[in-house]
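>>> build the 3D model from these lines:
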Amino acid sequence: MFRLFRPAVAVLLLSASCAATALQSYVAEYDLTIRGVGAGRVRHETFFNDLGYRVEATGNPSLAAKMLGYGQIREKAEGRIAGDRVMPTSYRREMDGKENQFVYYNYGDLANGKIQAVIGSQNKELRVNPNEPALDMLALVVQSTLDVERGRVGEHKYTLVNEDRVRSYEVKRLPDEKWKDGKSGKTVVVKVFVQTSGSRQTKIYFAENPLRLVKLQQLKDGESRFALKLLNYKAL
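As a prediction, the model looks like this:
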């Protein structure tokens with residue numbers, strides 16, 4: 001994903017009695033839009049098992065994004081889940097030809113409210129609230145999927161980390177929406193969640209059967225800054 005946007009999307013170290021395998025591994029491709037301009041496509045490969053999760057994402061820039069100097073983006077996130085909470089262990093992002101776009105998070109000291117980070121070539125320690133889930137963008141997608149799968153609809157909070165910025169977001173559910181599927185023409189019920197931090201919002205949209213992220217949109221002062229929209233989805 002590209003620095004043109006500033007994001008406000010683990011697992012299962014559970015006992016065998018928990019529904020640890022309920023989340024479905026998948027491959028999904030999303031159209032990426034930044035400030036209303038097509039910026040390329042993003043592919044998510046997400047794997048779940050009884051030990052944890054792994055997400056690998058590849059962003060292929062459009063010609064317009066390439067002209068602005070952006071190369072292919074590769075991201076990788078891993079973690080576990082304890083109950084209804086995603087607990088990331090690591091996150092890594094790199095861009096071809098752009099060393100200053102390198103980001104790495106080690107969540108090993110998260111219980112003490114600390115994330116060891118490398119931003120570009122600088123080592124940093126990020127401070128977070130240990131009582132709120134601290135998530136990178138890929139972990140946020142996993143946590144949001146888990147919330148829908150487990151029927152968690154009450155208001156709660158997340159801490160979102162992006163490069164060296166840490167923001168707390170309040171999360172609540174909005175009324176369901178009805179969308180028409182572009183391929184089948186059928187009407188699909190979409191669950192909508194909004195995360196708010198000051199003038200920033202992240203709206204996340206899920207369809208079911210299979211449960212899948214169909215859209216993620218980030219706004220500031222009511223204007224769309226960044227959006228992912230599902231193009232293709234395949235359960236694994």
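
>>> how far does the top strand by length along the chain sit from its chain's centre?
The longest strand of the chain (DSSP state E) is strand 165-180. Centroid separation for strand 165-180 versus its chain: 13 Å, with CA atoms, centre = their mean, to the nearest Å.

>>> show me the contact partners of that strand.
Under the criterion CB atoms under 8 Å, 6 or more residues apart in numbering, residues 6, 8, 126-129, 132, 134, 153, 155-160, 186-197, 200, 202-203, 205, 207, 214 lie in contact with strand 165-180. Glycine gets a C-beta too; all of them are placed from N, C-alpha and C.

>>> what lines up beside that strand in the sheet?
strand 156-162 (antiparallel), strand 187-197 (antiparallel) (DSSP bridges).

>>> among the contacts of strand 165-180, name the buried ones.
By neighbour count, with 16 or more other CB atoms under 10 Å, the contacts of strand 165-180 hold 8, 126, 128, 132, 134, 158-160, 191, 193-197, 200, 202-203, 205, 207, 214 as buried.

>>> any regions of the chain where pLDDT drops low?
Scanning the chain for pLDDT under 70 picks out 1-22.

>>> can you lay out the strands paired with strand 165-180 as TSV showing distance to Q122?
Below are those laid out as TSV (distance: least, CB to CB, whole Å):
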stretch	distance to Q122
strand 156-162	15
strand 187-197	24
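
>>> out of those strands, nearest to R225?
strand 156-162 (12.2 Å; CB to CB).

>>> now do that closest one: everything it contacts.
By CB under 8 Å, 6+ apart, strand 156-162 touches 6-8, 105, 115, 117, 126, 128-129, 132-137, 140, 143, 166-171, 195, 197, 202.
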